[in-house]
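Engineer: what follows is a protein structure lacking sequence information:
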């Protein structure tokens, strides 16, 4: 087995300074890819990630950007290409979550959720898509959620946005695959991250008890799925949504 299946590749990871994005960036680097990340107001963690990538013998680049700002993500794509080269793998990972009952959702909350998740992902993909098509090769991986399949209370804007991501993935897959660009999604289950830890250890214990595997997921669990899709093992996945979720949803 090739220990470096992404050797010679350049991967862009949005929201790459922490959590799942960071784990994916490190997995890609360990597999041989050079890594460009963007993150919002997280310079110390971004620098730490770059140092870790460099320690693996790969090139690294970090850029401060709010993915909801199309001009900012365009600047990220342009700067990353100048620093490392054109994008071979795009991991659309950046996201947020704002919880609360449906009747209290404001237009501002709704717009922010859709702008970060859907608009940000849509146009980040557009920034690199033409170049991938011109080269006849590329991988685009979009972060979704298993909640699209099971629903959930007090997170309607989040699930709405994630549902749109799944539709976007399938639509773009039809346009990309005939031209060598494979587009897929990952729908993680409950994962131990900074965002979920704020819910406390009781939440983690409760969720773990509901899963067939008896534990919640790690960021490395999701990184392994991203690595599959990004590498040669993902070459026959088109418009797929892989859901590493410990049995939370069986689809």
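Structural biologist: That came through fine. What you are looking at is a predicted structure, and each value in this text was computed from that prediction instead of being measured.

Engineer: okay, now residue 117: neighbour count?
Structural biologist: 30 (other C-beta atoms under 10 Å). No exception for glycine: its C-beta is placed from N, CA and C like everyone else's.

Engineer: ok, it to residue 157 distance?
Structural biologist: Distance of residue 117 to residue 157, given as C-beta to C-beta, to the nearest Å: 9 Å.

Engineer: repeat that for residue 125.
Structural biologist: In terms of C-beta to C-beta, residue 125 sits 21 Å off from residue 157.

Engineer: the helices in the chain, which residues?
Structural biologist: 19-30, 43-55, 70-84, 107-114, 120-135, 147-150, 156-176, 194-197, 201-210, 219-230 (DSSP state H).

Engineer: what lies in contact with the third one?
Structural biologist: So that's helix 70-84. 10, 12, 14, 34-36, 38, 59, 61, 63, 65-67, 87, 119-120, 123-124, 127-128, 131 (C-beta atoms under 8 Å, 6 or more residues apart in numbering).

Engineer: dump the residue contacts of the residue nearest to residue 195 when sequence neighbours are not counted.
Structural biologist: Closest residue in space to residue 195, ignoring its immediate chain neighbours: residue 97 at 6.2 Å, by C-beta to C-beta, 6 or more residues apart in numbering. When contacts are counted by C-beta under 8 Å, 6+ apart, residue 97 touches 155, 158, 195.

Engineer: which of these lies closest to residue 174?
Structural biologist: Distance ranking of these against residue 174, using C-beta to C-beta, places residue 158 first at 26.0 Å.

Engineer: ok, that closest one touching residue 147?
Structural biologist: Yes. Between residue 158 and residue 147 there is a contact under C-beta atoms under 8 Å: 7.3 Å.

Engineer: out of the helices of the chain, nearest to residue 244?
Structural biologist: Shortest distance between residue 244 and these, using C-beta to C-beta, is found for helix 219-230: 4.9 Å.

Engineer: tell me what angle that closest one forms with helix 19-30.
Structural biologist: Here helix 219-230 runs at an angle of 50 degrees relative to helix 19-30 (axes from the mean of the first three to the mean of the last three C-alpha atoms, to 10 degrees).

Engineer: pretty sure residue 41 is touching residue 65, no?
Structural biologist: No. The pair residue 41 / residue 65 is not scored as a contact, 10.0 Å apart, by C-beta under 8 Å.

Engineer: looking at the two, which has the bigger crowd around it?
Structural biologist: Counted by other C-beta under 10 Å, residue 41 and residue 65 do not tie: residue 65 has more neighbours, with 25 against 9.

Engineer: what's the least confident helix or strand in this protein, going by average pLDDT?
Structural biologist: Lowest on mean pLDDT, DSSP states H and E among the helices and strands of the chain sits helix 194-197, with a mean of 74.

Engineer: for that one, which helices and strands make contact with it?
Structural biologist: In terms of contacts (3 or more C-beta pairs under 8 Å, 6 or more residues apart in numbering; DSSP states H and E), helix 194-197 is packed against helix 201-210.
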